[in-house]
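*Asks:* prediction below, plus the sequence it came from.
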Amino acid sequence: MERKYNMERPTRKNVTAAIFILAALYAVGIAGLSWERTTDLFRQLVPFQLLVSAALLFFFHPAWDKRSLIFFGIVFIGSFGIEVAGVHTGKIFGSYAYGDGLGFKLFSTPVLIGLNWLMLVYCTGHVVQRAGIANPWKEITGAGMMTFIDYLIEPVAVKYGWWSWYGPTIPALNFIAWFYISFVFLFIFFRMNVMRRNPVAIPLIAFQTIFFAVLNMIWFMMA
């Protein structure tokens, strides 16, 4: 008999506290990365930011059953493997290399990159599902959202040395690959019915999108 762990329904107080922590985390991150005197310090805190975000997000995942664990493993291991192949071949996203800003690396790839993919897929899936988008547009809409978020992430990542491209511009291949890989992971997300109402998922992806959008706007105005 399959054992399941179902978290008790989160209280409004707990949810509010988690959302407040995330809002503060990303607001402080914007300020710290934007101010020249604290930029280096906050670059080093990026792995901490990702880990805190993931901890708060998955604390509110209500059903740690076999299906959820399999899905988490598929996305985490699958995305990490794709990134490793991308780094070493240059044929998936284009030619690029990771810096030291995302923490411990395995096969020249930060382990946290798999966690980042998992959070984005999970949160985007929640947005699409809650928006009531019907098949077959769920995966297309979600993949489009994730590709747009990557479009915002790329200039920030390059500026702070999280990764760098071997060329003057970010290749279009990167965004094409993001769309198709996101599509596949979201297809699995919906077909495995991993969606459980997580009150932190939508606020988190909203804060992340605002975080990268604001940093891009700041640099545009300072240019």
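*Replies:* Alright, I've got the coordinates. Residues are numbered from 1 along each chain as shown.

*Asks:* ramachandran angles for L106?
*Replies:* phi -130, psi 130 (degrees, to the nearest 10).

*Asks:* so it versus W178, what's the distance?
*Replies:* Distance of L106 to W178, computed by C-beta to C-beta, to the nearest Å: 21 Å. Bear in mind the C-beta positions are built from the backbone N, C-alpha and C, glycine included.

*Asks:* and Q49, by the same measure?
*Replies:* Distance of Q49 to W178, computed by C-beta to C-beta: 21 Å.

*Asks:* between these two, who's got more neighbours?
*Replies:* W178 (23 against 17; other C-beta atoms under 10 Å).

*Asks:* so that one makes contact with M146?
*Replies:* Yes - between W178 and M146 a contact is recorded at 6.3 Å, counting by C-beta atoms under 8 Å.

*Asks:* residues contacting T109?
*Replies:* Taking C-beta atoms under 8 Å, 6 or more residues apart in numbering as the criterion, T109 is in contact with F80, E83, V84, V87, Y98.

*Asks:* quick check, pLDDT for it.
*Replies:* pLDDT recorded at T109 is 98.

*Asks:* that one and L215, how far apart?
*Replies:* Separation of T109 from L215 (C-beta to C-beta): 23 Å.

*Asks:* likewise H88?
*Replies:* H88 sits 29 Å away from L215, going by C-beta to C-beta.

*Asks:* what about the two, which has more around it?
*Replies:* Per other C-beta under 10 Å, whichever of H88 and L215 has more neighbours is L215, with 20 against 13.

*Asks:* need the pLDDT of the more buried one.
*Replies:* So, for L215, pLDDT stands at 95.

*Asks:* now I170: closest residue in space that isn't a chain neighbour?
*Replies:* The shortest distance from I170 to any non-neighbouring residue, by C-beta to C-beta, 6 or more residues apart in numbering, is to E154 (5.1 Å).

*Asks:* with S108 instead?
*Replies:* Nearest non-adjacent residue to S108 (C-beta to C-beta, 6+ apart): V87, at 5.3 Å.

*Asks:* for whichever strand or helix holds that neighbour, which helices and strands make contact with it?
*Replies:* Using DSSP states H and E, V87 sits within helix 66-89. Secondary-structure packing of helix 66-89 (3 or more C-beta pairs under 8 Å, 6 or more residues apart in numbering; DSSP states H and E): strand 96-98, strand 109-110, helix 112-130, helix 172-191.

*Asks:* pLDDT on that helix, on average?
*Replies:* Helix 66-89 carries an average pLDDT of 97.

*Asks:* going by neighbour count, list what's buried in it.
*Replies:* Burial within helix 66-89, assessed by neighbour count using 16 or more other C-beta atoms under 10 Å, is assigned to 68, 71-72, 74-76, 78-80, 82-84, 86-87.

*Asks:* for those, give me TSV that also has distance to I140.
*Replies:* Formatted as TSV, the buried residues of helix 66-89 follow (distance: C-beta to C-beta, whole Å):
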residue	distance to I140
S68	24
F71	20
F72	23
I74	20
V75	18
F76	23
G78	20
S79	19
F80	25
I82	20
E83	23
V84	27
G86	23
V87	28
